[in-house]
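Engineer: predicted model follows, preceded by the sequence.
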Amino acid sequence: MLGDSPILDPPGISRDSRRPETALSVVELKVIRQRLLAGQESKASRGELFKRLPIGYALDAVGKVMFHPDQRVFEAIQLVFTKFRELWSVRQTFQWFRDHDVELPANPIQGTKLAWKIPSQSLIRDILCNPFYAGAYVWARRPTTTRLVDGRLEKRQGAMCPAEECRVFIRDHHVGYVDWAAYEENRRMIRRNSVNWTGDESMAAVRAGQGLLVGLLRCGHCGRKLHVRYWGGRGTHARYLCVGDYADGGQ
């Protein structure tokens, strides 16, 4: 029967002779991948690599960055910066959009039209903190490191880097909704407002804090994981709180 007959190699080709070819193909794939990555980095170094433009921007016929041709989109993004300069608070800016039912455009899923919705607080913060809106081109803002874990190589994405510390940073690359000085001033104000809300010990491994119940407690009302905040003169007294639906305009 066919299942009982041995599998024979083609005439003139042994199994040992096929192994180097297999190894060579793996090496070639790695070389091709490295060349593709090098090509991407070279294109990024020229400020020409765009995986996805932030809302409010588009490419013209020659591939240069310009404001979105839809005037409604342009004015909506501009309004975010205008309101923040009036209120000087991400939270208050978000609350203004929510209270007045003012929608912002959102990046659509590929193949769909531009979506409009009431923004979340994180969307407001992302727009204000994105250096692209200040006319700067940034690449590799979240560096990836490779580590050996249990005998296997694992890639881990690091924290967001300041624009100036990224592998590619080009000032005045394109037109901005604000200038660089205004962008830095906005960032300073955001950091100043959130000085007591930096760090989220409950979302990762226990670090240097004194809280022993990090990641273990949940809210008795909504079931959300409690966040830890440190208070006191030395910042060592742990308190646990539930953010609830604060980011969506609730309590």
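Structural biologist: Received the coordinates, thanks.
Engineer: could you measure from Leu216 over to Cys242?
Structural biologist: 14 Å (C-beta to C-beta, to the nearest Å). From N, CA and C alone the C-beta is placed, and that goes for glycine too.
Engineer: neighbour count: these two, which is higher?
Structural biologist: For Leu216 against Cys242, the residue with the higher neighbour count under other C-beta atoms under 10 Å is Cys242, and the figures read 18 against 11.
Engineer: wait, the more buried one sits on Cys222?
Structural biologist: Yes: checked against C-beta atoms under 8 Å, the pair Cys242 and Cys222 is within contact range at 6.7 Å.
Engineer: which residues of the stretch 101-250 of the chain fall in helices?
Structural biologist: 121-129, 180-193 (DSSP state H, counting those that start in this stretch).
Engineer: for the shortest one, buried residues please.
Structural biologist: The one in question is helix 121-129. The neighbour-count check on helix 121-129 (16 or more other C-beta atoms under 10 Å) flags Gln121, Leu123, Ile124, Arg125, Ile127, Leu128, Cys129 as buried.
Engineer: now do that helix, average pLDDT.
Structural biologist: Summarised as a single mean, pLDDT over helix 121-129 is 94.
Engineer: contact partners for the residue nearest to Ile190 when sequence neighbours are not counted?
Structural biologist: Leaving out its chain neighbours, the residue that sits closest to Ile190 by C-beta to C-beta, 6 or more residues apart in numbering is Val90, at 6.0 Å. Val90 makes contact with Phe84, Gln121, Ile124, Arg125, Leu128, Ile190, Asn193, Ser194, according to C-beta atoms under 8 Å, 6 or more residues apart in numbering.
Engineer: count of neighbours near the nearest residue to Phe97 once chain neighbours are set aside?
Structural biologist: When the adjacent residues along the chain are set aside, Phe97 lies closest to Pro119, with 5.4 Å between them (C-beta to C-beta, 6+ apart). By other C-beta under 10 Å, 22 other residues sit near Pro119.
Engineer: nice, that's everything, thank you.
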